[in-house]
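> Mind looking at a prediction? Sequence and model below.
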Amino acid sequence: MKIEDVRSSAFAMPLTSPAFPRGPYRFLNREYLIIVYRTDRDALERVVPEPLEVVEPIVKYEFIRMPDSTGFGDYCESGQVIPVRFKGQLGQYTHAMYLNDGPPIYGGRELWGFPKKFANPALAVERDVLVGALDYGSVRVARGVMGYKHKALDHAEVLEGLASPNYLLKIIPHVDGSPRILELVDYRIEDVTLKSAYTGPASLELNPHALAPVADLPVREIISSAHIVADLTLGLGKVVFDYLA
């Protein structure tokens, strides 16, 4: 393969059989269980990187079911998102995500900088409740439960929340182990068709784990919950801060 051919064809690893296709990446019937809780401010300050600012000691714990996604297939995801402020604008920082499918782990990390690791999340309706779970091997790391469709949410408010900036810390190491890319990335959710949005009584249990430390942001109080189903496109990001510049 000629040098010019490598340059023109390379976009992901491995070169001749990339682990994920080129975007855009469209998700149909993407289903969220989001439980918002209050935690310790000191715990948030330890994990949110400057120049992002912690607004309140709040965390959004998410369980996401993605039954139909372009190039990535059918999989689940679970993790923590932290409301933040950047240059005066409110947004949210993705702190940790755990998935059960390879291509979205590779693509999420390589393209955007999503902090994705392999584990076993799940989201399903069990009679009158929606149950999210995260297992790391044989260990139950998280469980979220919400009463199924108790009260409809305002769609305009939900769409406004989905449109807010999302921030990621993208880290790509050099061959000597030092960081070669260390950037703050801003990405947006686009072309959203909101199909349903409900709330209900919720509970959240987080358990300590050495390699999935979601319990390091402990649950002090449940604030709200949401069950959302939508079609959407995961937009490609832009770099808003370079730590190595």
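Cool, got the structure.

> Could you use CA atoms for every contact and neighbour count after this?
Noted.

> Could you say which helix or strand holds the nearest residue to Gly113 once chain neighbours are set aside?
Of all residues not flanking Gly113 in the chain, Lys170 sits nearest, at 3.9 Å (Cα to Cα, 6 or more residues apart in numbering). Remark: Lys170 resides in strand 166-173, with elements defined by DSSP states H and E.

> same check, this time on Val6
helix 3-9.

> got the contact list for that helix?
Leu15 (Cα atoms under 8 Å, 6 or more residues apart in numbering).

> neighbouring strands for the helix or strand following that helix, and are they parallel or not?
Reading on from helix 3-9 to the C-terminus, the next helix or strand found by DSSP H and E is strand 25-38. Applying DSSP bridges, strand 25-38 is found paired with strand 58-69 (antiparallel), strand 221-234 (antiparallel).

> Please spell out which residues along strand 25-38 are buried.
By neighbour count on 16 or more other Cα atoms under 10 Å, the buried set for strand 25-38 is 26-38.

> Roughly how far does Ala210 sit from Ser138?
13 Å (Cα to Cα, to the nearest Å).

> Look up phi and psi at Pro103.
Taking degrees, to the nearest 10, you get phi -50, psi -40 for the backbone angles of Pro103.

> Make sure I have this right: Gly108 is in a strand.
No: counting by DSSP: H, G, I helix; E, B strand; the rest coil, Gly108 is not found in a strand; it is helix.

> give me every residue that touches it.
Phe114, Pro115, Lys116.

> Please name the bridge partners of the last one.
So the one you mean is Lys116. Residues in beta-bridge contact with Lys116 (DSSP bridges): Met97.

> So what's the residue count around it?
For Lys116, the neighbour count with other Cα atoms under 10 Å is 23.

> same check, this time on Gly102
Neighbours of Gly102 under the rule other Cα under 10 Å: 16.

> does Ile35 really touch Thr199, like I thought?
No: here Ile35 does not reach Thr199: they are 9.7 Å apart, not a contact under Cα atoms under 8 Å.

> who touches both of these two?
By Cα under 8 Å, 6+ apart, the residues touching both Ile35 and Thr199 are Ser224, Ser225, Ala226.

> model confidence over whichever strand or helix holds Ala133, on average?
According to DSSP H and E, Ala133 maps onto strand 129-136. For strand 129-136, mean pLDDT rounds to 98.

> ok, now stretch 198-208?
98.

> Renumber starting at 526 from here on
Fine by me, first position is 526 from now on; the one you just mentioned is stretch 723-733.
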